[in-house]
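>>> A predicted structure for the sequence below; I have some questions about it.
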Amino acid sequence: MGNEATNGVGNPHSADARRRGGKKAHRAAAAVPDSGGGGEAGVNGAMGDGGDGGEWWSRRPEWCSAAGVAGILRRHPLAVLFGCGLLMFMGVEYTIPMVPPAAPPLDLGFSATAALHAGIAAHPWLNSLLAALNTVFVAMQAVYILWAILAEGRPRAAVAALMMFTCRGALGCATQLPLPSEFLGSGMDFPVGNVSFFLFFSGHVAGAVIAAEDMRRAERRGLARLYDALNLLQGIRLLACRGHYTIDLAVGVGAGLLFDMLAGRYLDDKNVDCGAVPGSHCRSCHKALFSQ
């Protein structure tokens with residue numbers, strides 16, 4: 001009995017203490033490197049010896065290796081292209097002189113469509129025909145967006161169009177660009193006459209982008225491709241008739257995509273806030289709020 005008490009067999013506290021002590025010793029031993037070299041490196045690192053360059057190189061990020069760079073080029077060519085574009089335009093920005101205040105705006109789109117502009121200017125009937133066809137295309141966009149919300153219960157395109165035209169009006173009031181001197185107006189155009197209108201950005205282009213994006217969500221891919229092609233022709237016609245600057249058209253494409261995305265987020269948030277049952281509406285086409 002005395003031996004048991006001495007050895008700690010009969011004392012649970014002594015046994016617990018030995019177990020805890022064993023664990024602490026095990027952890028401390030695990031922290032000690034097997035070889036003296038590893039321990040020496042750890043001591044040098046702790047003393048701020050500067051670290052070994054070879055050790056850092058062995059733990060370098062994947063993209064620092066030749067294989068990593070090749071993988072980036074293979075998997076992300078578009079990102080690499082934009083990176084090269086950034087470097088190029090950082091140099092170009094400081095080499096192209098500014099347009100003098102008395103000179104007309106410089107637009108490469110106008111230069112590219114100079115021959116088409118001359119042909120349309122020489123044939124007024126062609127100008128009116130193209131304007132009428134463009135107005136029909138704008139009406140097609142409006143009819144489709146209204147059909148999507150009223151007949152199919154998909155409000156996303158309508159919400160995006162409301163956001164887009166409201167912000168376009170605010171930007172048009174904030175900055176009014178001069179009407180190009182070579183502008184070819186037509187009574188068949190929309191808005192009629194274009195006597196006073198907002199150039200930045202193109203609502204014609206942005207509306208077509210919103211409609212086409214909605215068509216893709218509704219699996220109407222053929223119709224979406226048709227709208228994309230008509231939107232491209234519309235952009236060429238607007239440049240040739242000097243109805244918009246090139247930047248108006250480019251920002252119109254971006255605005256259409258942006259407001260379509262914002263409308264989707266808005267409807268998603270509303271669905272969450274109203275406690276909609278999962279699966280009660282289609283997230284891809286946003287049958288929300290109206291079907292609850």
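Structure's in. What do you need?

>>> the helices in the stretch 51-200 of the chain, which residues?
Assignment of helices within the stretch 51-200 of the chain using DSSP state H, counting those that start in this stretch yields the ranges 53-58, 66-75, 77-92, 108-112, 114-122, 124-150, 156-174.

>>> now the ones you listed as a markdown table including mean pLDDT, mean neighbour count and distance to residue 266?
C-betas here are computed from N, CA, C, even on glycine. Supplementary listing: the helices of the stretch 51-200 of the chain in a markdown table, determined by pLDDT from 0 to 100; neighbours: other Cβ atoms under 10 Å; distance: least, Cβ to Cβ, whole Å:
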| stretch | mean pLDDT | mean neighbour count | distance to residue 266 |
| --- | --- | --- | --- |
| helix 53-58 | 63 | 9 | 48 |
| helix 66-75 | 78 | 11 | 33 |
| helix 77-92 | 87 | 10 | 29 |
| helix 108-112 | 93 | 14 | 33 |
| helix 114-122 | 94 | 14 | 40 |
| helix 124-150 | 94 | 16 | 14 |
| helix 156-174 | 91 | 18 | 6 |
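
>>> now the ones you listed in JSON lines, with distance to residue 217?
Supplementary listing: these in JSON lines, determined by distance: least, Cβ to Cβ, whole Å:
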{"stretch": "helix 53-58", "distance to residue 217": "49"}
{"stretch": "helix 66-75", "distance to residue 217": "27"}
{"stretch": "helix 77-92", "distance to residue 217": "23"}
{"stretch": "helix 108-112", "distance to residue 217": "30"}
{"stretch": "helix 114-122", "distance to residue 217": "34"}
{"stretch": "helix 124-150", "distance to residue 217": "10"}
{"stretch": "helix 156-174", "distance to residue 217": "8"}
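
>>> so which of those comes closest to residue 227?
With Cβ to Cβ as the criterion, residue 227 lies closest to helix 124-150 of the helices of the stretch 51-200 of the chain, at 7.8 Å.

>>> Surely residue 190 touches residue 136?
No - under the criterion of Cβ atoms under 8 Å, residue 190 is not in contact with residue 136, lying 9.5 Å apart.

>>> circling back: looking at the helices of the stretch 51-200 of the chain, which is nearest to residue 244?
Distances from residue 244 to each of these were compared using Cβ to Cβ; the shortest belongs to helix 108-112, at 8.6 Å.

>>> tell me which strands and helices that closest one is in contact with?
Secondary structure elements in contact with helix 108-112, counted by 3 or more Cβ pairs under 8 Å, 6 or more residues apart in numbering; DSSP states H and E, are helix 221-240, helix 246-273.

>>> If you average pLDDT over each of the ones you listed, which is lowest?
Taking the average pLDDT of each of the helices and strands packed on helix 108-112, the minimum falls on helix 246-273, with a mean of 90.

>>> That one relative to helix 221-240, how many degrees between them?
Interaxial angle of helix 246-273 relative to helix 221-240 (axes from the mean of the first three to the mean of the last three Cα atoms, to 10 degrees): 140 degrees.

>>> picking up where we left off before, same list, the helices and strands packed on helix 108-112, but as a markdown table with mean neighbour count please.
As requested, those are exported to a markdown table (neighbours: other Cβ atoms under 10 Å):
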| stretch | mean neighbour count |
| --- | --- |
| helix 221-240 | 18 |
| helix 246-273 | 18 |
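
>>> between these, which one is nearest to residue 181?
Closest approach to residue 181 among the helices and strands packed on helix 108-112 (Cβ to Cβ): helix 221-240, 14.6 Å.

>>> So which elements touch the closest one?
For helix 221-240, the contact count by 3+ Cβ pairs under 8 Å, 6+ apart identifies helix 108-112, helix 114-122, helix 124-150, helix 203-217, helix 246-273 as packing neighbours.
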